[in-house]
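**Q** Have a look at this prediction, sequence included:
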Amino acid sequence: MRDSTRDRVRAAIDALNYRRAPVSGAAAVRQGRCLALVIKEIDNPYYGEIISAARAQAQLKGYTLLVVSSEGEYDAERRAVDLLQAKDVDGLIVTPVLDEHADLSHLFELKRRNFPFVLLEEVRGVQASLVDVDNVEGSRVAVAHLIDQGHVRIAHFAGPSYSTHSMQRVDGVHRACSASRLIFNADDVVPAGAHLDDGYRCGLEYFRGRSASNRPTAVTCYNDLVALGLCRALAELGLRVPEDVSVVGFDDIGLLGYLPLPLTTVRIPKSEMGRIATQMLVHQIESSEIVPPRKVFLDAQLVVRGSTAAPSHPAAPSRSGRRLSKEVR
């Protein structure tokens, strides 16, 4: 095909918002129908359950599932999305990188071309199907649990800047504090990350040298990995969990059941997320008509285990803090 002809064909495709007709059943298997899941952290067990459920659902529908990790880098995500489209992948499930510098034009381009995709984290301005949980409410319930136990100085080890989930979970801390008599000190939101070494490093830096009267009696964490890293740091500093510091994670990853310290956490229905997202994607691919975006928010559940308890020596809130008088949105 000549370049001029190819250019005219591509222009017509864009003008007509065309995408190739879907193939299903045995024909789909013969032609190697394929879905792709773009995650953000290859070493995070959180994604394992999502991948497993998505793969099982894809296989049930006659598709193969590919998995690619951006490692929290926008450029890597953009290149992966572009490459997967070029390789004739039929649809994408994406956990997008969303820091303040990210150019999300590749997601808008997917929408413009009517390319089937489902998000596992909402992107403002992109009208796309979504499967997620109410992260604000999950975080709020975790902090409320600690407040009910009598904790008045609570820190939060926040997640990476590339995730809106991190901001939402900080928002949940704010809401829990504003609904109580607790005085919230903005310095108690500690930038950490998403990995074991993030929680370990921040735990050492934050707690080292602090007297009992000058440290929080409880910490909520962006995810379970950060919480487990923090627990190791506290142990090395001679602080006991939960006698000296209560710790709460987020996600309820599978390995928690095999650890000597039972971690209180917020459970996300990860398998259900993977299954529903794949069902929604296949429906988009195989529909003869354009499928309007659908948003599904699943419930997060607090799971109370042995890493939280009432503080051994209750203290009054620090006067250096400030009270939040309204919900933070």
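**A** All right, it came through fine.

**Q** ok now do Arg55, which residues does it touch?
**A** Listed by Cβ atoms under 8 Å, 6 or more residues apart in numbering, the contact set of Arg55 reads Leu65. To be clear about C-beta, it is placed using only N, CA and C from the backbone, and glycine gets the same treatment.

**Q** now Leu92
**A** Leu92 makes contacts with Leu35, Ala36, Leu37, Val38, Val81, Leu84, Leu110, Phe115, Pro116, Phe117, Val118, Leu281, as judged by Cβ under 8 Å, 6+ apart.

**Q** Roughly how far does it sit from Val68?
**A** Remark: distance between Leu92 and Val68 (Cβ to Cβ, to the nearest Å) = 9 Å.

**Q** Leu107 too?
**A** Distance of Leu107 to Val68, computed by Cβ to Cβ: 15 Å.

**Q** quick one on the thing from earlier: common neighbours of Leu92 and Val68, please.
**A** Listed as contacting both Leu92 and Val68 by Cβ under 8 Å, 6+ apart are Ala36, Leu37, Val38, Leu84.

**Q** Does the third one lie in a helix or a strand, and which?
**A** This means Val38. strand 34-39 (DSSP states H and E).

**Q** least trustworthy position among the contacts of Leu92, going by pLDDT?
**A** The member of those with the lowest pLDDT is Leu110, at 90.

**Q** same for the helix or strand where that residue lies, what does it pack against?
**A** Using DSSP H and E, Leu110 sits within helix 105-112. Packed against helix 105-112 by the contact rule (3 or more Cβ pairs under 8 Å, 6 or more residues apart in numbering; DSSP states H and E) you find helix 74-86.

**Q** The next helix or strand after the helix it packs on: how far from the chain's middle?
**A** Sequence order places strand 91-94 as the next helix or strand after helix 74-86, per DSSP H and E. Relative to the centre of its chain, strand 91-94 is centred 15 Å away, using Cα atoms, centre = their mean, to the nearest Å.

**Q** How much space separates the closest residue to Thr164 other than its chain neighbours from Val190?
**A** The shortest distance from Thr164 to any non-neighbouring residue, by Cβ to Cβ, 6 or more residues apart in numbering, is to Leu98 (5.2 Å). Distance, Leu98 to Val190, using Cβ to Cβ: 20 Å.

**Q** In the strand or helix carrying Ile285, which residues are buried?
**A** Per DSSP H and E, Ile285 falls inside helix 270-286. Within helix 270-286, the residues that count as buried by 16 or more other Cβ atoms under 10 Å are 270-286.

**Q** Name the spans of the stretch 51-200 of the chain whose pLDDT lies under the cut-off.
**A** Low-confidence segments of the stretch 51-200 of the chain, defined by pLDDT under 70: 99-102.

**Q** mind redoing it with 80?
**A** In the predicted model, the stretch 51-200 of the chain carries pLDDT under 80 at residues 99-103, 183-185.

**Q** Could I get the full set of helices for it?
**A** Here the stretch 51-200 of the chain has its helices, by DSSP state H, counting those that start in this stretch, at 74-86, 105-112, 135-148, 164-178, 196-207.
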